[in-house]
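Novice: The following block contains a protein sequence and its predicted model.
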Amino acid sequence: MAVTTGETFDSSDGASGNQARRVVVQDRIFYYLTLASAVFVVVMLIGVMVSLVVGAWPALEKFGPSFIWTQRWSPVKEIFGALSPIYGTIITSVIAMIIGIPVSFGIAIFLTEICPDAIRRPIGVAIELLAGIPSIIYGLWGFFYLAPFMAAHIQGVWKFSLFGWNFALSLGGIPLIGGLFANSASGLNLFTAAVILAIMVLPFITSITRDVFQTVPTLLRESAYGMGMTTWEVVRHIVIPYCRVGLVGGIMLGLGRALGETMAVTFVIGNSHAISASLFAPATTISATIANEFSEATTGVYTSSLILLGLVLSIITFAVLGLAKWLLVRGDIK
Amino acid sequence: MAVDTRRKTTNTIALGLSIVATVVGLFFLAAILVTLVVQGFSALSPRLLTENTPPPNVDGGGLLNAIFGSVAMTLIAIVVATPVGILAGTYLTEYARGSKVAEVAKFINDVLLSAPSIIIGLFVYTILVMPFGHFSAWSGAAALGLIALPVINRTTQDMLGLVPNALREAAAALGTPRWKTMTHVIYRAARAGILTGVLLAVARITGETAPLLFTALNNQFFSADLGGPMANLPYVIYQFATSADPNWQRIAWGAALLITLTILAINIIARALAGGKQQS
């Protein structure tokens, strides 16, 4: 095919054979350039996994699978276990999702169902722009504003008088679950990290949810309204069931982001390798541990253990992201 | 009637809650922006742009070396990632369209696209920092490039997919060689979209911090040596904000405002480009 194109390309100069050959060569070169680039991307992902395994090998050899369920993290004695970072990563992400999902859904419902047209676009654009703000900004704000606020107003004891009675209430004083909120003086803790994460994934999940909601055919929606359904019933019984798969995909994408988030968390989590029953206790996550301790890691095993943590994180996030993509493709959202 | 009243009440409550959610969500996001602007503006001054980062507990100083480092590493990353990303996207949409291999490659690109940036940082550390035994701006740029690459690849795929087949057929009918069809016809048709992708990639890597922790590290002084550690805005924010020095904290806010404004501006330009394209 390329040979014929060569002839028509410039047949007047009498060197059409040469010309044709040159075009074939150029076409081949371009083809291989694109192929090489596409292969490069795939090789990078494989490279990431291989390099992490190689880098983590000394730690993997020394600790074996028990690395996962060992809590002790002692750089001095060179004993490293990933339990507390794994625990922190999962708990912060789960709490962030518990806070973030209902709020994101609320905003998405507002934007698609209730919002007057005049402010729909501005709010939508604002949320998408906020999704682009780097996580370090969220961390910075959390460190200077949210953490002191949490320490002063949420974790502390609320004292007030009513009809001559003095009350001293605190979240830690709640029977049965009070232990979850045992008081702590510092705002740098697991819960603050979770709240920052929730605020951070908010624009992200909202914009995906809104896009998914918009895939519902107008016909379906209008038929439902025509049947006399209220707005909430349309959302509850038509919109959400219709986009169920896509919604779960969007949530998983947000979860993947929360699990791997580094800077927003590192600023506020308090960085302590402890597993405490209280949500108001300092903790750590996988990414925060790596970010904090990498420059301190002087011995080979220490560095290698941090890379092994990275390997664990990438396995968790890649699994979540893969599942998310699969669900989103099934839900026809691309 | 009772049923209707209950339905209406449920509706009002549910919609009320969604409005509350919107207000709460926007409140927090607005709070972050407002504090950023207030704190950041009080830090802005000509010195911020003309002086290097100060040592601790010394008045004054600026961000010149960090701005230079950020711009340099971002530029190198984008200059390398752009052609590779566009070519990869071209292969996946033009040469391997619909094949199983292309589907797998697209999937892998999407995973890489959302991979935690700290993982990319660790990867570059193991291949570019460990073997050479020292941190360098080159490795920082490599990490940023690796984060930009899947973004550009993905937008190229999406944008080339929008180019009508009639253009390809018309070019082929004129006897245009395939690579000329790509470079002179298809890329031109998708130019605005691809440029949008590149801009979004720039916006994405401008604020990336985690991968720079193990690659470019930081440098208190002005350095144009790409083989050594180089200052950059995100690292300065991280280091200065967590210090106890009020001057350092002030500079951190200034840097945060600079980064956010840059990213917002790039995003708005990208949006305008993409929007203009869709309407025409």
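Specialist: Thanks, I have the structure now. Numbers count the residues shown, from 1 in each chain, chains lettered A, B, ... in the order given.

Novice: Only C-alpha atoms from now on, for both contacts and neighbour counts.
Specialist: OK.

Novice: At the geometric centre of the chain, which residue do we find?
Specialist: With no chain named, the answer covers chain A. A:R257 (1.1 Å; CA atoms, centre = their mean).

Novice: right idea, wrong chain: chain B
Specialist: Note: chain B centre (CA atoms, centre = their mean) maps to B:R204, 0.9 Å.

Novice: B:V198 - how many residues pack around it?
Specialist: 26 (other CA atoms under 10 Å in any protein chain shown).

Novice: For the closest residue in space to it that isn't next to it in sequence, give me its contacts.
Specialist: Spatial nearest neighbour of B:V198, chain neighbours left out: B:I152 (5.7 Å); criterion: CA to CA, 6 or more residues apart in numbering or on different chains. By CA atoms under 8 Å, 6 or more residues apart in numbering or on different chains, the residues touching B:I152 are B:A81, B:T82, B:G85, B:I86, B:G89, B:I194, B:G197, B:V198, B:A201.

Novice: Mind putting those into JSON lines with pLDDT and secondary structure?
Specialist: Output for those, formatted as JSON lines (pLDDT from 0 to 100; DSSP: H, G, I helix; E, B strand; the rest coil):
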{"residue": "B:A81", "pLDDT": "96", "secondary structure": "helix"}
{"residue": "B:T82", "pLDDT": "96", "secondary structure": "helix"}
{"residue": "B:G85", "pLDDT": "96", "secondary structure": "helix"}
{"residue": "B:I86", "pLDDT": "96", "secondary structure": "helix"}
{"residue": "B:G89", "pLDDT": "94", "secondary structure": "helix"}
{"residue": "B:I194", "pLDDT": "93", "secondary structure": "helix"}
{"residue": "B:G197", "pLDDT": "91", "secondary structure": "helix"}
{"residue": "B:V198", "pLDDT": "94", "secondary structure": "helix"}
{"residue": "B:A201", "pLDDT": "94", "secondary structure": "helix"}
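
Novice: biggest separation within the residues you listed, which pair?
Specialist: B:G89 and B:A201 (14.5 Å; CA to CA).

Novice: quick one, which of those two is more surrounded?
Specialist: Taking other CA under 10 Å, B:G89 and B:A201 do not tie; B:G89 has more neighbours (30 against 27).

Novice: Now do the SS call for the residue nearest to the centre of chain A.
Specialist: helix (DSSP: H, G, I helix; E, B strand; the rest coil).

Novice: Confirm for me that it is in contact with A:V201.
Specialist: Yes. In this structure, A:R257 is within contact of A:V201 by CA atoms under 8 Å, at 7.5 Å.

Novice: quick one: the helices in the stretch 1-150 of chain A?
Specialist: Here the stretch 1-150 of chain A has its helices, by DSSP state H, counting those that start in this stretch, at A:2-9, A:16-63, A:83-109, A:117-131, A:135-141, A:147-149.

Novice: Adding mean pLDDT, write these out as TSV.
Specialist: Listed next are those as TSV, based on pLDDT from 0 to 100:
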stretch	mean pLDDT
helix A:2-9	44
helix A:16-63	91
helix A:83-109	93
helix A:117-131	87
helix A:135-141	93
helix A:147-149	89
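
Novice: and the residue nearest to B:V198, how far is that from A:G100?
Specialist: 29 Å (CA to CA, to the nearest Å).

Novice: Quick check: which ranges of chain B have low pLDDT?
Specialist: Filtered on pLDDT under 70, chain B yields the residue ranges B:1, B:276-280.

Novice: Would you map out the domains in it?
Specialist: B:2-43, B:50-279 (automatic domain parsing).

Novice: what sits against A:W326?
Specialist: A:G249.

Novice: Tell me the pLDDT of it.
Specialist: In the predicted model, A:W326 carries a pLDDT score of 81.

Novice: Please report how far it lies from B:A81.
Specialist: For A:W326, the distance to B:A81 equals 27 Å [CA to CA].

Novice: before we move on, back to that, now name the helix or strand holding the residue nearest to B:V198.
Specialist: Taking DSSP states H and E as the criterion, B:I152 maps to helix B:137-162.

Novice: immediately after that helix, which helix or strand?
Specialist: That would be, after helix B:137-162 and using DSSP H and E, helix B:165-173.

Novice: Work out the gap between that following helix and the centre of the chain.
Specialist: 34 Å (CA atoms, centre = their mean, to the nearest Å).

Novice: Extract the C-alpha set from that helix and format it as PDB.
Specialist: Taking Å, rounded to 0.1, in the frame of the first residue of the first chain, the C-alpha atoms of helix B:165-173 are listed here in PDB:
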ATOM      1  CA  ASN B 165     -12.500   8.700   9.900                       C
ATOM      2  CA  ALA B 166     -13.400  10.700   6.800                       C
ATOM      3  CA  LEU B 167     -10.200  12.700   7.300                       C
ATOM      4  CA  ARG B 168      -8.100   9.600   7.400                       C
ATOM      5  CA  GLU B 169      -9.800   8.200   4.300                       C
ATOM      6  CA  ALA B 170      -9.500  11.500   2.400                       C
ATOM      7  CA  ALA B 171      -5.800  11.700   3.100                       C
ATOM      8  CA  ALA B 172      -5.300   8.000   2.100                       C
ATOM      9  CA  ALA B 173      -7.300   8.700  -1.100                       C
END
